[in-house]
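Colleague: model the following, please.
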Amino acid sequence: MKLDPITLLLTAGTSVSLLFGSGNVTSTFNSLGNAREMMQTATAKNNELRATQQAAKNQAAIADERYKNGCLILLYKGQLVAIAQGKPVYDPVTKQPLPKGTVVCDGYGTTAILEPRDFDGDGKFQPVVASEAFTGNSQLIKQSLENNRRAAYQ
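Modeller: Modelled structure (predicted):
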């Protein structure tokens with residue numbers, strides 16, 4: 001396990017106070033307990049940050065692949081439209097929802113797959129934006145926008 005500098009300083013400081021302190025045993029054990037708790041908190045926070053970073057990296061790889069494979073970029077009257085989680089995407093000509101399984105993306109790095117859901121509580125399932133993934137790869141997004149200028153979906 002790799003310890004960060006703050007954890008090492010806290011541990012070292014507690015050890016020094018134990019060696020040279022003239023306090024009572026209860027105080028020493030309380031200090032050790034506090035140091036241990038602080039170390040556990042720091043370790044948990046580091047683990048959480050690593051997990052978040054890994055999840056973002058995995059999500060970016062999925063989004064990158066969707067852009068590379070030609071996801072449908074959402075535009076309306078030539079303007080970029082942001083993907084909205086849980087909302088249907090309609091064909092602007094037929095006014096019908098796009099079919100389930102359609103991979104959509106926007107100009108901001110978000111991609112998604114349309115999956116059947118009862119988004120408005122009427123008991124009917126229709127494809128809505130789901131399974132989102134985000135990338136910060138602006139070059140890939142820009143390239144996809146240039147390759148798909150004729151798309152016009154809302």
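Colleague: show me which residues of stretch 128-145 are buried.
Modeller: 128-130, 132-135, 137, 140-141, 144-145 (16 or more other C-beta atoms under 10 Å). C-betas here are computed from N, CA, C, even on glycine.
Colleague: and which of those residues is nearest to Asn46?
Modeller: Lowest distance from Asn46 to the buried residues of stretch 128-145 (C-beta to C-beta) belongs to Phe134, with 23.2 Å.
Colleague: that older thread, just the ones in helices from the buried residues of stretch 128-145, please.
Modeller: 140-141, 144-145 (DSSP state H).
Colleague: quick one: Asn47 and Asp64, what's the gap?
Modeller: Between Asn47 and Asp64 the distance is 26 Å, computed by C-beta to C-beta, to the nearest Å.
Colleague: tell me the helix or strand right after the lengthiest helix in the chain.
Modeller: In the chain, assigned by DSSP H, the helix with the most residues is helix 25-68. Helices and strands here follow DSSP states H and E; after helix 25-68, the next one along the chain is strand 72-73.
Colleague: can you give me how far that following strand is from the chain middle?
Modeller: Put simply, strand 72-73 sits 21 Å off its chain's centre (C-alpha atoms, centre = their mean, to the nearest Å).
Colleague: now that strand: mean pLDDT?
Modeller: Average pLDDT, strand 72-73: 91.
Colleague: can you check stretch 87-95 too?
Modeller: For stretch 87-95, the per-residue pLDDT averages 88.
Colleague: same check on stretch 33-41?
Modeller: 83.
Colleague: pLDDT weak spots in the chain?
Modeller: Along the chain, the parts satisfying pLDDT under 70 run over 1-26, 28-29, 149-154.
Colleague: OK, contacts around the residue nearest the centre of the chain?
Modeller: Centrality entry for the chain: nearest residue to the mean C-alpha point is Ala56, 4.8 Å, by C-alpha atoms, centre = their mean. Counting by C-beta atoms under 8 Å, 6 or more residues apart in numbering, Ala56 touches Phe134.
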